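**Student:** Predicted model and sequence follow; I will ask about them next.
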Amino acid sequence: LAKTTQPISMDSYEGQEVNITCSHNNIATNDYITWYQQFPSQGPRFIIQGYKTKVTNEVASLFIPADRKSSTLSLPRVSLSDTAVYYCLVGDPFYGQNFVFGPGTRLSVLP
Amino acid sequence: SQTIHQWPATLVQPVGSPLSLECTVEGTSNPNLYWYRQAAGRGLQLLFYSVGIGQISSEVPQNLSASRPQDRQFILSSKKLLLSDSGFYLCAWSASGGTLAKNIQYFGAGTRLSVL
């Protein structure tokens, strides 16, 4: 299973762009990279998923370099409501049980 | 659209009492189902997953068990709760096959269990 490493915590201010980087040096060929967001006392919520290069949706962008050993979640113009824990997961989508949630990155957005 | 229901939202149980948490999914067939536990300030620990009725795989040996009596019903149980069973329990589902949804997991609202 691919192990991921992310910063434990980050601080930002409203209106700034936030980039959270995840390292996954032993990512396998069939592995996808998935990011989730979790608010206190709620279940995680899917944000974005990608395999290579760049993926963008209405919420975030995901940048994946050619070697795929890391990925960066980019949140444009964060607001106070973006304060949450963000998890990076790596795994083969055909084996959902192999997606491991680490401690995540606790993002605090300040006014 | 698909929805996932998990209950109860909170539960306070004495040590040694039994436990039954239920999770149901609507709007999809043959989902993959998962039970997670989350300790305060920690990541999620996968407890059980199921790819079909009666098919349960355990990730961590413990005081808990899971059952899937129907396609979209997943139950987490214990015969005798321990103090260490306290935590936030989450049920999740993902589409089987993986070709379209790429095994994205969708979570319920969770159950906060306190064992006293």
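**Tutor:** Sure, I can see it. Numbering: from 1, shown residues only, chains lettered A, B, ... in the order given.

**Student:** Low-confidence stretches in the chain?
**Tutor:** No chain was given, so I picked chain A. A:1-2, A:93-98 (pLDDT under 70).

**Student:** Correction: the question concerned chain B.
**Tutor:** B:61, B:97-102.

**Student:** Up against chain A, what does it have?
**Tutor:** Proximity of chain B to chain A (CB under 8 Å from any CB of the partner chain) is limited to residues B:32, B:34, B:36, B:42-46, B:49, B:57, B:59, B:88, B:90, B:92, B:94, B:98, B:102-110, B:112. Bear in mind the C-beta positions are built from the backbone N, C-alpha and C, glycine included.

**Student:** what about burial for the residues you listed, which qualify?
**Tutor:** For these, a burial check counting by 16 or more other CB atoms under 10 Å in any protein chain shown picks out B:32, B:34, B:36, B:43-46, B:49, B:59, B:88, B:90, B:92, B:94, B:98, B:102-108, B:110.

**Student:** So the spatially most central residue of chain B, which state does it fall into?
**Tutor:** Geometric centre of chain B, nearest residue: B:Trp35, 2.7 Å, by CA atoms, centre = their mean. Secondary structure, DSSP: H, G, I helix; E, B strand; the rest coil: B:Trp35 is strand.

**Student:** which non-adjacent residue is nearest whatever residue of chain A ends up closest to chain B?
**Tutor:** Closest residue of chain A to chain B, CB to the nearest CB: A:Gly43 (2.8 Å). In this structure, A:Gly43 finds its nearest non-sequential neighbour in B:Phe107, 2.8 Å apart by CB to CB, 6 or more residues apart in numbering or on different chains.
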